[in-house]
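Asks: can you look at this prediction? I've put the sequence above it.
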Amino acid sequence: MTSDFDVAGRTIIVTGGAGLLGREYARALVVAGASVVVTDINHASVVAVAADLLDQPGTAVAGAADVTAEASVAHLVRTTLDTFGRIDGLVNNAALNPSFAGERTAEFDPPFEQYSLDQWNRTLAVNLTGMFLCAREVAPTMRAQQRGVIVNISSTYGMVGPDQRLYEADTPGYSAALLFLVSDARRT
């Protein structure tokens, strides 16, 4: 990493840390020397992610949190402060796709008009309200430190329709990289 990305000694929370992108954000930050609290609603998964990063220059610890629950987010921030004494960054990455909200089925990517109101509300709770709750909870600490960065992750799929096959590892005959290239080529 270059000096432009110097996070050595900084403490950063990464939400959605068990997901595809969250794992990579956590890895990049730990490689750059940060102390990273990898958090997700799935505690067992973030424990595995943190354990996978043990041999890096920084530190990774697992923290379970439901970003839709104020008490859970408050507990995450208190635990981070108790462990590291500061919070220098928050990567608001937790997200939920309504197609993935339940068990995956043959109809794993239903058309938008088939989403239930419950799926819609749960998605908003994680993808939007969760970001608000996390940012609101770390803000007093960052303000007191007179320093801190909050990065809110969004997706290009807010602008274009997603190809959910990119996320299905078990789909025979599909390669995530190939599908991405094909999808990207269609847009140009």
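Replies: Now that the structure is in, tell me what you want to look at. Predicted model only: the values in this text are computed from it and were never measured.

Asks: where are the low-confidence patches of the chain?
Replies: Along the chain, the model assigns pLDDT under 70 to residues 1-4, 97-111, 157-158, 161-188.

Asks: what are the ranges of the helices in it?
Replies: Taking DSSP state H as the test, the helices found in the chain are 20-31, 43-52, 70-84, 117-124, 130-145, 176-187.

Asks: now these in JSON lines, with distance to residue 151 and mean neighbour count?
Replies: All C-beta atoms are positioned from the backbone trio N, CA, C, and that covers glycine. Listed next are the helices of the chain as JSON lines, based on distance: least, C-beta to C-beta, whole Å; neighbours: other C-beta atoms under 10 Å:
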{"stretch": "helix 20-31", "distance to residue 151": "9", "mean neighbour count": "20"}
{"stretch": "helix 43-52", "distance to residue 151": "18", "mean neighbour count": "17"}
{"stretch": "helix 70-84", "distance to residue 151": "16", "mean neighbour count": "16"}
{"stretch": "helix 117-124", "distance to residue 151": "20", "mean neighbour count": "14"}
{"stretch": "helix 130-145", "distance to residue 151": "10", "mean neighbour count": "17"}
{"stretch": "helix 176-187", "distance to residue 151": "23", "mean neighbour count": "11"}
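
Asks: what's the closest of those to residue 94?
Replies: When the helices of the chain are compared for distance to residue 94 using C-beta to C-beta, the nearest one is helix 130-145, at 5.3 Å.

Asks: show the contacting residues for the residue nearest to residue 65 when sequence neighbours are not counted.
Replies: In space, and not counting its chain neighbours, residue 65 is closest to residue 76: 4.1 Å by C-beta to C-beta, 6 or more residues apart in numbering. Contacts for residue 76 (C-beta atoms under 8 Å, 6 or more residues apart in numbering) come out as 13, 37, 39, 63, 65, 137.

Asks: any chance of the residues you listed in JSON lines, plus distance to residue 6?
Replies: Putting the contacts of residue 76 into JSON lines (distance: C-beta to C-beta, whole Å) gives the following:
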{"residue": "13", "distance to residue 6": "18"}
{"residue": "37", "distance to residue 6": "19"}
{"residue": "39", "distance to residue 6": "23"}
{"residue": "63", "distance to residue 6": "24"}
{"residue": "65", "distance to residue 6": "27"}
{"residue": "137", "distance to residue 6": "26"}
